[in-house]
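[1] Next one to model:
(4 chains)
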4 protein chains.
Amino acid sequence: MATPLRVTVWNEFVHERTNDVVKALYPQGIHAAVAEGLREQLGDAVQIRTATLEEPEHGLTKEVLRNTDVLLWWGHAAHDQVSNKIVKRVQKRVWQGMGLVAMHSAHASKIFRRLMGTSCMLRWREAGERERLWIVAPGHPITAGLTGEYFELEHTEMYGEFFDIPAPDELIFVSWFEGGEVFRSGCTWRRGAGKIFYFRPGHETYPIYYNPQVRRVLANAVQWAAAAGSPYIGEGRNIPEPLNPIANPLQAHEDLHR
Amino acid sequence: MATPLRVTVWNEFVHERTNDVVKALYPQGIHAAVAEGLREQLGDAVQIRTATLEEPEHGLTKEVLRNTDVLLWWGHAAHDQVSNKIVKRVQKRVWQGMGLVAMHSAHASKIFRRLMGTSCMLRWREAGERERLWIVAPGHPITAGLTGEYFELEHTEMYGEFFDIPAPDELIFVSWFEGGEVFRSGCTWRRGAGKIFYFRPGHETYPIYYNPQVRRVLANAVQWAAAAGSPYIGEGRNIPEPLNPIANPLQAHEDLHR
Amino acid sequence: MATPLRVTVWNEFVHERTNDVVKALYPQGIHAAVAEGLREQLGDAVQIRTATLEEPEHGLTKEVLRNTDVLLWWGHAAHDQVSNKIVKRVQKRVWQGMGLVAMHSAHASKIFRRLMGTSCMLRWREAGERERLWIVAPGHPITAGLTGEYFELEHTEMYGEFFDIPAPDELIFVSWFEGGEVFRSGCTWRRGAGKIFYFRPGHETYPIYYNPQVRRVLANAVQWAAAAGSPYIGEGRNIPEPLNPIANPLQAHEDLHR
Amino acid sequence: MATPLRVTVWNEFVHERTNDVVKALYPQGIHAAVAEGLREQLGDAVQIRTATLEEPEHGLTKEVLRNTDVLLWWGHAAHDQVSNKIVKRVQKRVWQGMGLVAMHSAHASKIFRRLMGTSCMLRWREAGERERLWIVAPGHPITAGLTGEYFELEHTEMYGEFFDIPAPDELIFVSWFEGGEVFRSGCTWRRGAGKIFYFRPGHETYPIYYNPQVRRVLANAVQWAAAAGSPYIGEGRNIPEPLNPIANPLQAHEDLHR
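    Presented below is the predicted three-dimensional model:
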C-alpha cells in the first residue's frame, strides 16, 4: 500500500508515573512501547502518533480522529476520567470506519463498553501465572506470521470467563491460564463500518508489550482493522421516492410525525 | 411450563392520543393490541402487564423489572423523553437474563441503541407499500407455525438497508419492499444472559399488530427470549486463589491498584 | 409439551464388547447409559429408542428417522463402517429439521464431518487429566440448571485446539485441561432446518455419562435441538411466475438448460 | 504486496460451446471473461491461470492447487461430471488455506456443497428481471470501491430464499429482485484455514462478468480470500506429553485403541 496507515496509540498514562515497577518497565509510557513495536513490525507502512488522557480533549480532537485510520486504546485506572463527549466522538468515528484495537484492561473502558453494549466484566487474578494463547482461527490475517498452534506469556495477570461480551464476529485466540481459567483473548467485531479487535495481553506490571509475538499480533491487527469507511453510517435516510413503482400505495395520513 | 412467563409490554403511548388515524387503529394504545395478541396466542402461559412513558419511572420500577421475564418495547416520537436512569436499569436487567423484544421504531430507542453499540439508523419511506418477509432461518423457534416461505403485509412503512446494527447472532427474516429495498427484519442477539429480538413490522398508522402472523411471531419471540439468568453477570470477580497450582508465580508488586 | 420428544440414541457399540475396562463401566453400552440419563432428567417428556451399528441399516431406517426428533450419536472405533447411504439419509433428515447431538469422538464421524465440511480433527491425549468446562453463554437453554461459572470432570481424555470446525453459530462451553490445552467443548450450528450440538465430554474409559452435569447438558441439548422442520429444504424450487410484475423482462434464450 | 497472488479460474466451459446465446456473450468462455476482469482490476498484483472440466484432472492437479492462492469456480450443467477425487483434493487444499470464490450456479457444485454441509438449494426464475444488490457490511474489504448503498444488474436470473446454506460468518450483500424475492448474495465462511466467498451474480445468458461493479467485487474477493495457510490442519495430533504437569492422572487402560 502506497499511503501509510495513520495510527494513533492512546494511553491513559497514569501507572507509569505513579508506580515504580511500571515506570521501570515502561519509562516512556505503554503508548511509547506499543508505538515502537508497530514501527519495528511495519516500518514505513504506518504513520504513528500517540495521545494521552491529560492532553486537551485527551489528544483526540476532531482533527486527530479524522486523520486516524486505526486507534489503539490502553486504560485501566482512569476510565472514569475520560470525558463522555470524547467517547461519543470516538464511537461515531468507529461507525464511520476507523478501526479500534482495545488492549487488555481497555475491556472496561467507556469506549469499549459503549461499543459492545454489555458490562465487559470478567474474572481476574494478579499472580504472575503462565498464559498460553491458542490460535482458534488459523489463516486469519491477525495470526499471520505466528508459527505453531499457540504462543506463551510466562508471567501475566489472569483474565477468566465469563467475559461479558457480545458473541464475537470472529474468535481468534483462546487463553489457557495455569491457575485454571480460560479466556476469549482475541476477538473481532464490526460496528457500523468500523472494525474492532480486542486483545487481552498487556498488563502494566509485566513486559508484555516487548514480546515479539504480541507485537506481531498488534501489527497484524492494525492492518486488519483499517477500513474504507462509509459516508452514510450513523444517519437516517428518508427516501420519499421509491426506486421501483408501487402498485397500490396507502398513505394513511398527512405527514404524521415530521 | 407450569409457571407462566411474566411479560411486560412497554409503549410510549403518544401517537395514539395525538393523532386521529392512530387513535382509530389502536384506541387503547399499541401496548393493548400487542398484549391482546400475546394472550390470544399463549393464553395461560403468560402473565402480561403493560407500562407507558407517562407512568412514574415509566412504569419500569425495580420491582416490575425484577418480575419481568420478557419486556417488549415500542417507541417512536418520544425516545428522548425516556430517562437515562431507567434505560441503564433495563440494560442491566437484560444482562442478567431478561428477554427484550424491540418492535419496529424501537430500533432508535435509547435502550436498543445502548445494547447494540451502533447508531441503528436506516433508510425509510412512508408510502404504504407491500412488504414480504422471507424466512431465512426455517426451523428456528421464532418461525414456528408460519407456513410457507414468506408472509406479507399489504401496506406498511418501508425500512431499508444499510441498517446500522451489529451482525446479528441469528438472522431470521429478510424483507422485500415493493419500492426496491431489502431489510434484515428479524434479528437476534445475546447481551450478557439476556436474549434480544428485533422485529421490524409495526408502524402505528397500519393495523400491523392485528395481523395473525405478526402476532404469532411476537408470541414465539416471547417464549424464545425467556432465559434463566445468571447471578454473576455485570460484576468483575477477583479470584486471588487459583483453582490449580501455579508453579512459578511472579507478583510484580504490592497491591498496585487496589 | 403434551407430545413427548422422540429421541434416538445411536452408538457404534464396539468398545463395550471388546474391552474389559469399558465393559465394566458401560455393561449395557454407552447408548444405554445416555438413554438412562435422559429418562432420569426428562421423564415422560421423551420417548427414547436406541440403535447400533450392527443392526440392519444400523438401526436407522427411513421409518426410524422419520419418527426421530433428535438423534444422539456416539462413535469412535468404527466410523468407517457406517454406510455412506445411511449417512446421506441422516444428513438429509437433519436438513429437514431433525436435531443432532454429536458426543465426544463423534467429532470424527462421517455424519458430523459431512455436516461441517471440515476435517474436524483436533489434538488429543489420554492421560486421565482434569477438565474444567467454563460456561461462555450463560442464559443459553443448554446451560439451564448448571450453577456456578463452570463444572469439572476429574479424569478425562484431553481434546485440544485447533479443533477444525466451522466457527460455531453459538459457543457454549470452553474447556480448560490440566495438561495445558483449551477446547471449544460445546458448540451449536444450524444446517437447513436442523439444529446441531457438539458436546465434548464422554470418553469410553471414564464414567462420564453418569455425571449429573453431563446428563443435564445432554437433556437440555435434546430439548433445544428439537425443531419444527420445513418441507421445502433440500430441493430447488423453480418459480416461473413472479410474485410482483417485472417491468422490462429480458428472456435471453429459449429454455437453455431445462 | 511484492509477490503476486496466484489465482486459478475454473470453469466447466460447457454452455459456451453448446448454446449460441452464451457463445456470443462469452466467446472465449466465462473463465476468460473473469480472468480478464481480474487483470483489469489488479494488474501485476495477480498471476492468473484458467482450468476447465475437460482437461486432465479438470486442470486441478496437485501441482496446480499447491500453487494456487485463490480458486474461482463456475459450474452449472456439469456438476456431476466433476470427479469426487478432485473435489476432495480441492476441499483439503481449502482447509490448508487456499481461498475459494464460488460464483453464481456454483452454489450447487460438489465442492461448495461439500464445504457447506447443506443442500445449497434455492428458489430460481429465469425472467431477465432487475436485481439490486444492497451492501449490508459497509467497510468490509469485499465492498471496497463500491460507492453508494447498492448496485444494480438490469437483467438477470433470480435466486431467492430460502437459500439452504449455513449461517454465513459475514453477510455482505442482500439482493432485491423485481419479481418479489430476496437473496443473501454475498456471503463469507472459513473452513479450516481457508476463506470462502459466495457471490451470486453471473448467469451465463447475461453479460454479468463484464459489469464493472461485479468485476470490482471479484477482485476484492480474491485479495480478501488469500490466506497464509496452516500446516497442521486436517490431521489429528496425539500429544502424549502434557505441556503442564498433571497432579493426579488416571490411565484407565493399556493403549485401548491404538
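[2] ok, how many other residues are close to A:V222?
    26 (other C-beta atoms under 10 Å in any protein chain shown). Backbone N, C-alpha and C define where each C-beta goes, glycine included.
[3] give the contact list for it.
    A:V222 sits next to A:5, A:7, A:38, A:42, A:46, A:70, A:72, A:99, A:101 when contact means C-beta atoms under 8 Å, 6 or more residues apart in numbering or on different chains.
[4] same thing but 10 Å
    Residues near A:V222 by C-beta atoms under 10 Å, 6 or more residues apart in numbering or on different chains: A:5, A:7, A:9, A:38, A:41-42, A:45-46, A:48, A:69-72, A:99, A:101, A:142, A:197.
[5] A:S83: what's it in contact with?
    The neighbourhood of A:S83, defined by C-beta under 10 Å, 6+ apart, consists of A:53, A:57-58, A:60, A:89, A:110.
[6] Helices - which of those residues land there?
    Residues of those located in helices (DSSP state H): A:89, A:110.
[7] Filter the contacts of A:S83 down to the buried ones.
    Neighbour counting with 16 or more other C-beta atoms under 10 Å in any protein chain shown marks A:53, A:58, A:60, A:89, A:110 as buried within the contacts of A:S83.
[8] how far away is the first one from chain D?
    If I follow you right, that is A:L53. From A:L53 across to chain D, the span is 28 Å (C-beta to the nearest C-beta, to the nearest Å).
[9] For the buried ones among the contacts of A:S83, work out which two are farthest apart.
    For these, the farthest-apart pair by C-beta to C-beta is A:L53 and A:R89; their separation is 14.8 Å.
[10] So which bits of stretch A:145-164 are buried?
    For stretch A:145-164, burial by neighbour count (16+ other C-beta under 10 Å) applies to A:146, A:149-153, A:155-164.
[11] Would you agree A:A32 is in contact with A:R49?
    No. The criterion here is C-beta atoms under 10 Å, and A:A32 misses it with A:R49 at 11.6 Å.
[12] quick one: common contacting residues for the two?
    Shared contacts of A:A32 and A:R49, defined by C-beta under 10 Å, 6+ apart, are found at A:V9.
[13] Which single strand of chain A contains the most residues?
    strand A:123-135 (DSSP state E).
[14] Run the angle between that strand and strand C:123-135 for me.
    Angle of strand A:123-135 versus strand C:123-135, following axes from the mean of the first three to the mean of the last three C-alpha atoms, to 10 degrees, is 150 degrees.
[15] Direction included, what does strand A:123-135 pair against?
    Here strand A:123-135 has these sheet partners by DSSP bridges: strand A:150-160 (antiparallel), strand A:170-177 (antiparallel), strand B:237-238 (parallel).
[16] Next, the contact list for the residue in the stretch 1-150 of chain A positioned nearest to chain B, please.
    Nearest residue of the stretch 1-150 of chain A to chain B, counting by C-beta to the nearest C-beta: A:G128, 3.2 Å away. A:G128 makes contact with A:154-158, A:178, A:203, A:205-206, B:246, B:248-253, according to C-beta under 10 Å, 6+ apart.
[17] what about 6 Å?
    A:155, B:249-251 (C-beta atoms under 6 Å, 6 or more residues apart in numbering or on different chains).
[18] Which ones among these lie within strands?
    A:H155.
[19] Going through the contacts of A:G128, which ones are buried?
    Listed as buried from these are A:H155; burial here means 16+ other C-beta under 10 Å.
[20] From the chain's centroid, how far away is stretch A:118-136?
    Relative to the centre of its chain, stretch A:118-136 is centred 16 Å away, using C-alpha atoms, centre = their mean, to the nearest Å.
[21] So for that stretch, mean pLDDT?
    In this model, stretch A:118-136 has a mean pLDDT of 97.
[22] Mind pulling the model confidence for the spatially closest residue to A:F173 that is not a sequence neighbour?
    Here the nearest residue to A:F173 in space, its sequence neighbours aside, is A:G186; by C-beta to C-beta, 6 or more residues apart in numbering or on different chains that works out to 3.4 Å. You'll see A:G186 listed with a pLDDT of 98.
[23] Can you name the residues bridging to A:G186?
    Counting by DSSP bridges, A:G186 forms beta bridges with A:F173, A:F199.
[24] my guess is it contacts A:I172, does it?
    Yes. A:G186 lies in contact with A:I172 (C-beta atoms under 6 Å); the separation is 3.6 Å.
[25] show me what contacts the residue in the stretch 151-258 of chain A that chain D sits nearest to?
    Minimum separation of the stretch 151-258 of chain A from chain D (C-beta to the nearest C-beta) falls at A:A193, amounting to 3.0 Å. Counting by C-beta under 6 Å, 6+ apart, A:A193 touches A:97, A:227, A:229-230, A:233, D:138-139.
[26] Can you tell me the closest non-neighbouring residue to it?
    A:A193 sits nearest to D:G139 (C-beta to C-beta, 6+ apart), 3.0 Å away.
[27] Pull the residues that contact stretch A:150-158.
    So stretch A:150-158 is contacted by A:125-126, A:128-134, A:177, A:179, A:181, A:201, A:203, A:206, A:213, B:250 (C-beta under 6 Å, 6+ apart).
[28] Output it in PDB, but only the C-alpha positions, please.
    What follows is stretch A:150-158, C-alpha atoms only, in PDB (Å, rounded to 0.1, in the frame of the first residue of the first chain):
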ATOM      1  CA  TYR A 150       0.000 -21.300  20.400                       C
ATOM      2  CA  PHE A 151       2.300 -18.800  22.000                       C
ATOM      3  CA  GLU A 152       3.000 -18.200  25.700                       C
ATOM      4  CA  LEU A 153       3.500 -15.500  28.200                       C
ATOM      5  CA  GLU A 154       5.500 -16.700  31.200                       C
ATOM      6  CA  HIS A 155       4.100 -14.300  33.800                       C
ATOM      7  CA  THR A 156       0.900 -12.400  33.400                       C
ATOM      8  CA  GLU A 157      -2.300 -11.300  35.100                       C
ATOM      9  CA  MET A 158      -5.200 -13.700  34.600                       C
END
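[29] Check the offset of that stretch from the chain's centre.
    Stretch A:150-158 has its C-alpha centroid displaced from the chain centroid by 20 Å (C-alpha atoms, centre = their mean).
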